[in-house]
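# Below is the sequence, then the predicted model.
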Amino acid sequence: MDTRFVLPLLLALPLGTSVAAATAPIQAEEAAWPTLPDIGDTARMDQEVVSLVQARLDAVRKAMESGVASDAAAQNVVGLAFAELGLAFEANTMWTPAVSSYRHAGVLIQGEDRMRDPWLYRAGACLHAIGDAEAALTALKEVAPRLSGTAIVHARLGTACYDMGLLDEAAAAWQAAIQAEQVAWDKADPTQRAAAPIPIPASRVGLAQILFEQEDLAGAQALLREALTLQPNYPHAHYLLGQIYAEEGRDQEAMFELSRGLNAFPVLPPDPHGPRLSAYRAGYGNRMRFIEIDMQNGQMDKAIAGLEAMLEQRPNDHLVLNLAARAWLMKGDFAKSLTYLQRSETADPTNHQTKLELAILYLNFAGRAQTPELRASHLTAAKEKADGALRIAPHLGNPYYYRGLIEAQSIQQNDPQAGDIMQRALAYYQRAHAFGCKEPQLYEQMAMMYAQMGRTREMVTFAKQNTLTSPENPNAWMFMARACLTVGQGPEAILAAERAVAVSNNNPQVVDFAKQVRAAVEAAK
Amino acid sequence: MLFIAALALALPAQETASVEPASQPWFKESAATSGLNFTYNSGAGTGFHFPEVMGGGVALVDYNGDGLLDIYLIQGGELVEGESDVVTTGNKLFRNFPAGTFEDVTETAKVGDEGYGMGITCGDYDRDGDIDMYVTNVGPNVFYENQGDGSFTDKTAALKVGDPRWGTSTAFLDIDADRDLDLFVVNNLGWSAATEIECFNYYGEPDYCSPNNYNAPSPDVLYKLGRMGFKDHTAIGGASLAFGNGLGVAVGDYDGDGDPDIYVANDATPNVLWSNDGKGKFKDLGLLKGCSVNGNGTPEAGMGVQFVDVDMDGDLDLFMTHIRRETNTFYLNSRGRYKDRTTMTGTANTSLRFTGFGMGFHDFDLDGALDLYVVNGAVQAWKENERFSETDGYAEPNHLFRGKGGPKFEEVPMGGLAEEAIATSRGAAFGDLDNDGDVDVVIANRDSSVSLLINEAPRKGSWIGFQPKGGKNNVVPGARVEIRYGDKKLYRVADPAYSYLASNDPRAHFGLGSDAEGNPITKVDDVIVLWNGGREESYGPMEAGQYYDLIRGRGKVIEKE
């Protein structure tokens, strides 16, 4: 998966900046509208974002011009315009002006607190995103008591309290979030429940984190088990459970859980403003980022629609073309995928990633070929593209990996050249490893190669590495079990087989495999 | 890895930091007046080439053995020809003179490598009594062997240590207690101009990428020194199975078993704790020991890093600097396992808004408690209306935190200077440049002149310092020095490898503070050294106020129970 649009979250409130001035209520005698947020020089910004934000700024100006600042009705109109402006800013990660806009909305909108509180909450959420934990806490504390039914408000408050070292308050906030999640779940209709696995374990894990810090390991474990019952593959819960096991000296179990939780990004309960924020998302970077998320979530049609829309404006953007090709490949339409990659290669013949994607595609074609001749033809094409990628990027590991895969795939049944081809494939894999390839299948491929060559020590090393990099893959554990059996490590084989069963959620075939492993170990005694 | 909007930033609990009222500055900026004239040129021009935003490094090294630390500054240059108007000048060596002035001796010393420089490590690899240097580059690294006559010879090819990848931090260490200095080189990611990527910041403006945009982490290298020179020991030593986008390295015996372990700070990928078995074989225990990622299981940036006993319990804690929206992380060592206890330090909230690079724990004011200095500089530009500098969108202020005893700190205003310095800071090296008993700082600033901060903090006590040596003239890194006075025990590791792209003063420096009546401590009751290999020796009582050589074999051996 091409992951181009991962960007660290960066905005921070400069020292000395005060948002207090923006939040003072407008008194009748002042009769002045608040100042519009300053977005600085827009020349280098994404112009689609600039247009969108300018449109919202214009809407606020128009509202201001249409009424006087002392008039409550006019204040309400301007306040709602500021709220929309805030959404536009926030959706495009311009958090500082978003805070300002939401604060103005929170002051100007008339009526009950429930009309203003969502915007004051959003200001707190943006302060949290900026990294100002103290200001976020102040903002969230103000509105949380009045938004008791919204889990995300309490979850964010819990996080902010935790940031500031207020563990007891954080625990109370997470408890409130759990209760709100349960209430929402109980009220949800079957369609809503099917759409999302609620209750999401986020709040349970948030509370478990605090109990862990307070050294209530039993309490933390109970919550984590609850969370994993709701969502068995929730990484954050696995990571925390792993920390607890490590604390208890249960190292093997700890490593298993920790590796399942590595690269966890804790999430919050659903955001009620999510759809509105989504509608305001604009700009090249933002669009590509969320298209990647759609692809990771298996929403290929949505991703393809988004990519096609982008290609209308950027027909020769090789990043968009490559991502579109990948989406079609994941949908199973190889021919369409090829079309996009060929366009991409024409647009930029020097891009190594495009050549690599073509190599992968031809490998896929080879796997589906009906005749040996067709298969050979596709593998030749794959080889040419992979070699092209290597010429441009001889310092990168991934091209070596795929080149090795092409070699391995070219071994035919009863092939007298099999030994030589295997050596060549292994040589490419070794180079891939030396140059830092992190493709999860690399370790599996290397382990298999070493197995076929009878190099058992390396086989076990890479089989183990495979389980560390792909802990959720039952095949990785099954291979590990076989590798351990080969070298006479019976107990390790049984453990690996049990892990395979665990991560496969008791898949009958895997359960059967585990039984065979146990039987084999017994027989060997 | 994908970007996920609206991340819940679950940070460890923290104390609210208080800021000490303005008082006498702790440091005086002295580069211009001392003759230390150097600007690090990143070569930033029309493109945004990732290495441009990461350098440069600095070393404090007594290259001529006159007892004064000299300064070696790493230079960048132009990564892509024709994209900038920078003129490459090469690295520079400045000799330290007793009057507090510095003179460029690069040409005489023959150390002006013109590669696109990054980091450095210094050590006496051939045990001939003078200090050699290993410089990392975007491209082949360079090994300078000290000839003992004020000059160096480029021995890269002969020693076969010219790894051609993008090297960053590096360290000499003796992995198997055979008295030879081995070499560990951290590599960042597989980068070339041909595979550069276009990225944007959060305003949609063109800017530098995140390392994970490249999906090309690069394995590190472990060279073992034998009779025939250096050999690539990476695979044999087990150090090939874990790697990431490497930036920082720290060396220290985290488990107290008498051999040096290695911690690698990786950028946006899990960090690695290479646990040494004493025979030069390593296993990555970072995940199990709790210091691979933060408490949520999320990898963080990871630039500057140090093994240091912050809570004064005799084991090595860990501290690392991170990017904006991530706190710098303090891992407390608790019986050989690390726990993220950042928020107890009081530094978390301050660090959230800035991108930290070089750092160092030292007792700057000699009150007996470790202080912390962190240098900052962004990797993606601040928006124009939020910047700290009108001319540099990446510039940020640095931070000084005064230690309150143990892992608790409070911020000192203006970074301890009379006037706050705003720059895009990267490498920072710490050491006593004028041998007056307090620790000074040299900072490499991106596309700006070097900073030389001479310590002028009001002294709150006395000091003592040590240089562990293998023989009369042979400086050895990695020894743990313990001093005892009254009911106090303090520990330091005498090793130059910590911070970011830096090689620091190899001596162990202690502030002793004062007694109950406010009188500076005049002596320590005992000095104990734990040598690499597990041998422990006592050197008896010593007077405060000077540096001592501690020669291995000349102390009283402490038998293990």
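Right, received. Where do you want to start?

# and the stretch 201-350 of chain B, which residues reach chain A?
Taking Cβ under 8 Å from any Cβ of the partner chain as the test, the list of the stretch 201-350 of chain B residues beside chain A reads B:201-206, B:209-210, B:212-213, B:215-219, B:240-241, B:243, B:268, B:270, B:287-290, B:292-293, B:295-299, B:301, B:323-325, B:337, B:343-344, B:348-349. C-beta here means a position set from N, CA and C on the backbone, and glycine is covered the same way.

# Okay, and which of those map to strands?
Among these, the members found in strands (DSSP state E) are B:206, B:337.

# Buried subset of the residues of the stretch 201-350 of chain B next to chain A as a ChimeraX selection?
Selection of the buried residues among those in ChimeraX, burial being defined by 16 or more other Cβ atoms under 10 Å in any protein chain shown:
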select /B:201,202,203,204,205,209,210,212,213,215,216,217,218,219,240,241,243,268,270,287,288,289,290,292,293,295,296,297,298,299,301,323,324,325,337,343,344,348,349
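
# Just the residues of the stretch 201-350 of chain B next to chain A: which are in helices?
Of the positions in those, B:348, B:349 sit in helices, assigned by DSSP state H.

# Need the phi and psi values for the residue of the stretch 101-250 of chain B found nearest chain A.
When distances are taken as Cβ to the nearest Cβ, the stretch 101-250 of chain B approaches chain A most closely through residue B:204, which lies 2.8 Å from it. Residue B:204 has phi and psi values of phi 80, psi 10 when expressed as degrees, to the nearest 10.

# contacting residues for it?
Counting by Cβ atoms under 8 Å, 6 or more residues apart in numbering or on different chains, residue B:204 touches A:45, A:46, A:48, A:49, A:92, A:283, A:284, A:285, A:286.

# ok, the last one - contacts?
The contact partners of residue A:286, taken as Cβ under 8 Å, 6+ apart, are A:46, A:49, A:91, A:92, A:93, B:204.

# and what of the fifth one?
In this structure, residue A:92 makes contact with A:49, A:52, A:53, A:280, A:281, A:282, A:283, A:286, B:202, B:204, judged by Cβ under 8 Å, 6+ apart.

# Quickly find the element holding residue A:240.
Taking DSSP states H and E as the definition, one finds residue A:240 inside helix A:235-247.

# do that helix and chain B meet?
Yes. In terms of Cβ under 8 Å from any Cβ, part of helix A:235-247 sits within range of chain B, namely A:235, A:236, A:238, A:239, A:240, A:242, A:243, A:246, A:247.

# where does the residue in the stretch 401-525 of chain A that chain B sits nearest to fall, phi/psi-wise?
Distances between the stretch 401-525 of chain A and chain B by Cβ to the nearest Cβ are smallest at residue A:436, namely 4.7 Å. Its backbone dihedrals place residue A:436 at phi 90, psi 20, with angles given as degrees, to the nearest 10.

# near chain A, which residues of the stretch 51-200 of chain B show up?
By the rule Cβ under 8 Å from any Cβ, the part of the stretch 51-200 of chain B lying against chain A is B:165, B:189, B:190, B:191, B:192, B:194, B:195, B:197, B:198, B:199, B:200.

# Out of those residues, which sit inside strands?
Counting by DSSP E, these place B:199, B:200 in strands.

# Could I get the residues of the stretch 51-200 of chain B next to chain A in TSV, plus columns for neighbour count, pLDDT and distance to residue B:441?
Rendered in TSV, the data for these read as follows (neighbours: other Cβ atoms under 10 Å in any protein chain shown; pLDDT from 0 to 100; distance: Cβ to Cβ, whole Å):
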residue	neighbour count	pLDDT	distance to residue B:441
B:165	25	95	30
B:189	28	95	29
B:190	24	93	33
B:191	23	94	29
B:192	18	93	34
B:194	13	91	38
B:195	18	92	36
B:197	17	91	35
B:198	15	89	37
B:199	20	90	32
B:200	23	87	35
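
# hmm, which two among the residues of the stretch 51-200 of chain B next to chain A are most spread apart?
Every pair in these was compared (Cβ to Cβ); the two farthest apart turn out to be B:165 and B:200, at 26.8 Å.

# send the alpha carbons of the helix or strand bottoming out on mean pLDDT in chain A over as CSV?
Across the helices and strands of chain A, mean confidence by mean pLDDT, DSSP states H and E is lowest for helix A:190-195: a mean of 75. C-alpha atoms of helix A:190-195 as CSV (Å, rounded to 0.1, in the frame of the first residue of the first chain):
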residue,chain,number,x,y,z
PRO,A,190,-30.1,-2.7,14.0
THR,A,191,-28.8,-0.7,11.0
GLN,A,192,-26.7,1.5,13.2
ARG,A,193,-25.4,-1.4,15.2
ALA,A,194,-24.4,-3.2,12.1
ALA,A,195,-22.5,-0.1,10.8
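
# What is the subsequent helix or strand relative to it?
helix A:202-213.

# by contact count, what packs against that next one?
Under the contact criterion of 3 or more Cβ pairs under 8 Å, 6 or more residues apart in numbering or on different chains; DSSP states H and E, the helices and strands touching helix A:202-213 comprise helix A:151-163, helix A:167-187, helix A:217-230, helix A:235-247.

# the inter-axis angle of the last one versus helix A:217-230?
Right, the one you point to is helix A:235-247. Between the direction of helix A:235-247 and that of helix A:217-230, the angle (axes from the mean of the first three to the mean of the last three Cα atoms, to 10 degrees) works out to 150 degrees.

# What helices and strands are in contact with helix A:235-247?
helix A:202-213, helix A:217-230, helix A:251-261.

# I'd like the next helix or strand past the shortest one.
Counting by DSSP H and E, the element after helix A:251-261 in chain order, helix or strand, is helix A:274-280.

# tell me how far that next one is from the chain's mean position?
From the chain centre to the centre of helix A:274-280 is a distance of 18 Å (Cα atoms, centre = their mean, to the nearest Å).

# And the contacts of that helix?
Residues from elsewhere that reach helix A:274-280 (Cβ under 8 Å, 6+ apart): A:52, A:87, A:88, A:90, A:91, A:92, A:271, A:290, B:5.

# Just flag the most distant two among those.
Taking Cβ to Cβ, the two most distant members of these are A:52 and A:271; they sit 19.7 Å apart.

# What parts of the stretch 401-525 of chain A come near chain B?
Counting by Cβ under 8 Å from any Cβ, the residues of the stretch 401-525 of chain A lying close to chain B are A:433, A:434, A:435, A:436, A:438, A:461, A:465.

# Flag the least confident of those residues.
By pLDDT, residue A:438 ranks lowest within these, coming in at 85.

# So what's the residue count around that residue?
18 (other Cβ atoms under 10 Å in any protein chain shown).

# check contacts around it.
When contacts are counted by Cβ under 8 Å, 6+ apart, residue A:438 touches A:397, A:469, B:215, B:217.

# Give me the buried entries from the residues of the stretch 401-525 of chain A next to chain B.
Taking 16+ other Cβ under 10 Å as the criterion, what is buried in those is A:433, A:435, A:436, A:438, A:461, A:465.

# For chain A, what's its nearest residue on the stretch 401-550 of chain B.
Taking Cβ to the nearest Cβ, the stretch 401-550 of chain B has residue B:420 as its residue nearest chain A, at 9.7 Å.

# isn't residue B:557 right up against residue B:539?
No. The pair residue B:557 / residue B:539 is not scored as a contact, 11.2 Å apart, by Cβ atoms under 8 Å.
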